[in-house]
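1. Output the structure for:
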Amino acid sequence: MRAPQVAHAGRVFALQRAQIAAGEQRFGQHLLVIQAGRDGHRLVEVRHGVRIVAGGFLRLAPAGQHAGAQALVSMLSNYNDPQAQARGIKEIEHQGDTITHDIITRLNQTFITPFDREDIHELSSKIDDVLDLLDSAAGRLVIYRVQKIRPGVMELAQTLEKATAQVLAAVSVLEKRDHILNYCIEIKRLENEGDRISRSLIAQLFELEKHPVEILKWKEIIECIETSIDKCEDVANVIESVILKSA
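-> Just a heads-up that it's a prediction; the model follows:
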């Protein structure tokens, strides 16, 4: 017997009889919305479902922030051409903005998502914040014409790099949930470590630096890096919220 067909907007869908029921029915990449009526069932809407996979496309965002953190550490450890190094970080930041825009665009076009769309939006936005802030730190090194990196700033940047690595690892297993809370705990430990280093650096700055302009310059740079680490903790909080909702 020939399979029954339904049509919508010029498209014809050949369904099995078991699929013809009121409600939402999957058909390949489409979600069919079927409405019951006196004269039988009719197709009232077709929604195209492009699935955003948490461990796939969404993973590009934390990969970008980790690359940015690595580039910042490289810039501080080999501070020989800060303008070129800052341009490299700016390019990574632009790529991160593009990825975030693409995620939000796909989210608006998607009916089926691996977890709440509000959480996907917030997660991608928080990850983008990390990259924006470390880009700001690199930019200030150039704008303020910093000639020499102060002791301890490298340690703070390395803490950021470690935190972004944990964010990448956590997002990569967001669907599988393997050890994901351990990654979140480590991110929070690194955030506390970042706070400790930042406070120590600012205390040393006011104690040892005599030039007020240098104090203002470095206080801003240190706070940009430290706030970037804080944003990694915000990402961990969103991930924990996703896990709790699905528990």
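2. doesn't Leu133 make contact with Thr227?
-> Yes. Using CB atoms under 8 Å, Thr227 is in contact with Leu133, at 5.4 Å. For the C-beta atoms, the positions are set from N, CA and C on the backbone; glycine is no exception.
3. More neighbours: which of those two?
-> Leu133 (22 against 18; other CB atoms under 10 Å).
4. Which residues are in contact with the nearest residue to the more buried one once chain neighbours are set aside?
-> Excluding its sequence neighbours, the residue lying closest to Leu133 (CB to CB, 6 or more residues apart in numbering) is Ser228, at 3.8 Å. Residues near Ser228 by CB atoms under 8 Å, 6 or more residues apart in numbering: 69, 129-130, 133-134, 137, 160.
5. count of neighbours near Ala135?
-> Rather than Ala, residue 135 is Asp. 24.
6. This protein: strands as residue ranges?
-> In the chain, the strands defined using DSSP state E lie at 5-8, 11-14, 23-27, 30-37, 40-48.
7. can you tell me which residues contact the closest residue to Ile89 other than its chain neighbours?
-> Among residues not flanking Ile89 along the chain, Ala138 sits closest, at 4.4 Å (CB to CB, 6+ apart). Neighbouring residues of Ala138 by CB under 8 Å, 6+ apart: 71-72, 75, 85-86, 89-90.
8. Can you list the buried residues in the longest helix seen in the chain?
-> For the chain, the helix reaching the highest residue count under DSSP state H is reported as helix 212-245. Using 16 or more other CB atoms under 10 Å as the test for burial, helix 212-245 gives 217-219, 221-236, 238-243.
9. So Leu60 sits against His101, correct?
-> No. At 11.8 Å, Leu60 does not count as touching His101 under the criterion of CB under 8 Å.
10. Quickly list the domain ranges of this protein.
-> Following automatic domain parsing, the chain resolves into domains at 5-48, 57-245.
11. Present the ones you listed as CSV; the columns should include mean pLDDT.
-> Compiled in CSV, the domains of the chain are given as follows (pLDDT from 0 to 100):
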stretch, mean pLDDT
domain 5-48, 42
domain 57-245, 90
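12. Point out the most buried one among those domains.
-> Neighbour counts averaged per stretch over these are highest for domain 57-245, at a mean of 18; criterion: mean count of other CB atoms under 10 Å.
13. ok now that domain, how far from the chain's centre?
-> 10 Å (CA atoms, centre = their mean, to the nearest Å).
14. Any figure for the gap between the residue nearest to Ile89 and Leu156?
-> Using CB to CB, to the nearest Å, Ala138 is found at 13 Å from Leu156.
15. Okay then, goodbye and thanks.
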